[in-house]
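# Sequence below, structure please.
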Amino acid sequence: MTLDAPIYSLVRPTHKRPSRLRPSPCSSPVSSPMQSAPYPSFPKRSPSVGLRQRRRDSTDIPLVDVGGNAHFDNLFEDDLSTPELLEPPSLPPAKIDWEIPRKALHSSIGFLVLPLYFSQPEIGPIITVLTYGLAFVTVADVLRLNIPSFARLYEKLLGAFMRESEKKQINGVIWYLVGVIFVLKFYPRDVAVVSILVLSWCDTAASTVGRAWGRYTPKLPRSLLFLPIAPRKSLAGMLGATLTGALVVSAFWGWAVSPEYIPNETPAWQWAQGGWLGLGALSLCSGLAAGITEALDIGGLDDNLTLPIISGGLIWGISRLISAVL
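Below is the predicted model:
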């Protein structure tokens, strides 16, 4: 070999790949270099006791069938099964604000109106007192919306009766007084009392029932008879107001306006005008009127204003219609 040969021809491998030696029949077996190399030995992994036990106890699918074919369907089912997908933790339900102080004050007005009806006082002085009260509350609300220090004092004393949305808006008490003064001024005495009872109790029932079961009932449509429905109202709340309104009307005109209690008053509906049939029709229609009116959203007006005025007008019209028909 000369130096002119390629460089790669000068390089020789230092070892050859060991060939597989076959022992001759007459000689002892010769071990290959790979077999004689001092490689470390590792212990074989044995299946766990539980796996061996499952192999012995598995009778649903045999490991080897009659034809000699092996089956491994359920052999490692428990050991190699993929972990179950865990559902993300659900958020805890939102805490319901029952507005107990506000609802207690709201409902107490109804219990004050009934004794006033039985004692038959003059309506004029009552309207005068309510008007002065309205003026006082309006002035206080104007100061609250314009003077931060007065607002802090106001909310500290009366904040439990206010909603969070009312802290930057007109107080709902103002609309409440306006609605009560309106029905006392323009409606008959019994219709005005029923209107205030609807405002006091139907609104409370709608709010309480809606907060408790509103999420389990279907949503109300956006409009009803071309009238917009408030987005926060629920079918459960509407049914609660309807049932409460029907009970108020049936109890009031079925018992409270009896001539033995109010001898000098001519009510809008009397028992002689249809009996049970007339009372049932009046209660059902008045309850529907109260429930639908409570769910309406008329120009963004407060329901403390719209509920007594609209429901009272509808109840008055329904009573006159039933009296004329029956």
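# Report the separation between the residue nearest to residue 254 when sequence neighbours are not counted and residue 313.
With CB to CB, 6 or more residues apart in numbering as the criterion, residue 254 has its nearest non-adjacent residue at 5.4 Å, and that residue is residue 279. Bear in mind the C-beta positions are built from the backbone N, C-alpha and C, glycine included. When CB to CB, to the nearest Å is applied, the distance between residue 279 and residue 313 equals 20 Å.
# Could I get the CA-only coordinates of stretch 278-294 as PDB?
Taking C-alpha atoms only, stretch 278-294 is exported to PDB below (Å, rounded to 0.1, in the frame of the first residue of the first chain):
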ATOM      1  CA  GLY A 278    -118.900  36.600  40.500                       C
ATOM      2  CA  LEU A 279    -116.300  36.500  43.300                       C
ATOM      3  CA  GLY A 280    -114.300  33.700  41.600                       C
ATOM      4  CA  ALA A 281    -114.200  35.600  38.300                       C
ATOM      5  CA  LEU A 282    -113.300  38.900  40.000                       C
ATOM      6  CA  SER A 283    -110.500  37.200  42.000                       C
ATOM      7  CA  LEU A 284    -109.100  35.300  39.100                       C
ATOM      8  CA  CYS A 285    -109.100  38.300  36.700                       C
ATOM      9  CA  SER A 286    -107.800  40.700  39.400                       C
ATOM     10  CA  GLY A 287    -105.000  38.300  40.300                       C
ATOM     11  CA  LEU A 288    -103.900  38.000  36.700                       C
ATOM     12  CA  ALA A 289    -104.000  41.800  36.400                       C
ATOM     13  CA  ALA A 290    -101.800  42.200  39.500                       C
ATOM     14  CA  GLY A 291     -99.300  39.500  38.400                       C
ATOM     15  CA  ILE A 292     -99.000  40.900  34.900                       C
ATOM     16  CA  THR A 293     -98.700  44.500  36.100                       C
ATOM     17  CA  GLU A 294     -96.000  43.600  38.600                       C
END
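# pLDDT on it, on average?
Taken as a whole, stretch 278-294 has a mean pLDDT of 95.
# got a list of contacts for it?
Residues from elsewhere that reach stretch 278-294 (CB atoms under 8 Å, 6 or more residues apart in numbering): 194, 198, 202-203, 206, 224, 233, 237-250, 253-254, 269, 271, 274, 303, 306-307, 310-311, 314-315, 318-319, 322-323, 326.
# Remind me what the host helix or strand of residue 157 packs against, helices and strands.
Using DSSP states H and E, residue 157 sits in helix 148-158. In terms of contacts (3 or more CB pairs under 8 Å, 6 or more residues apart in numbering; DSSP states H and E), helix 148-158 is packed against helix 123-146.
# Residue 117: neighbour count?
By the other CB atoms under 10 Å criterion, the neighbourhood of residue 117 contains 21 residues.
# Where does pLDDT dip in the stretch 101-250 of the chain?
When residues are selected by pLDDT under 70, none of them lie in the stretch 101-250 of the chain.
# hang on, the earlier thing: tell me the SS of the residue nearest to residue 254?
Following DSSP: H, G, I helix; E, B strand; the rest coil, the label given to residue 279 is helix.
# the helices in the stretch 201-326 of the chain, which residues?
Remark: helices assigned in the stretch 201-326 of the chain by DSSP state H, counting those that start in this stretch are 203-213, 235-251, 275-295, 303-325.
# Tell me which of these lies nearest to residue 154.
The closest of these to residue 154 is helix 303-325. By CB to CB, the value is 18.7 Å.
# for that closest one, which positions count as buried?
With burial defined by 16 or more other CB atoms under 10 Å, the residues of helix 303-325 counted as buried are 303-316, 318-319, 322-323.
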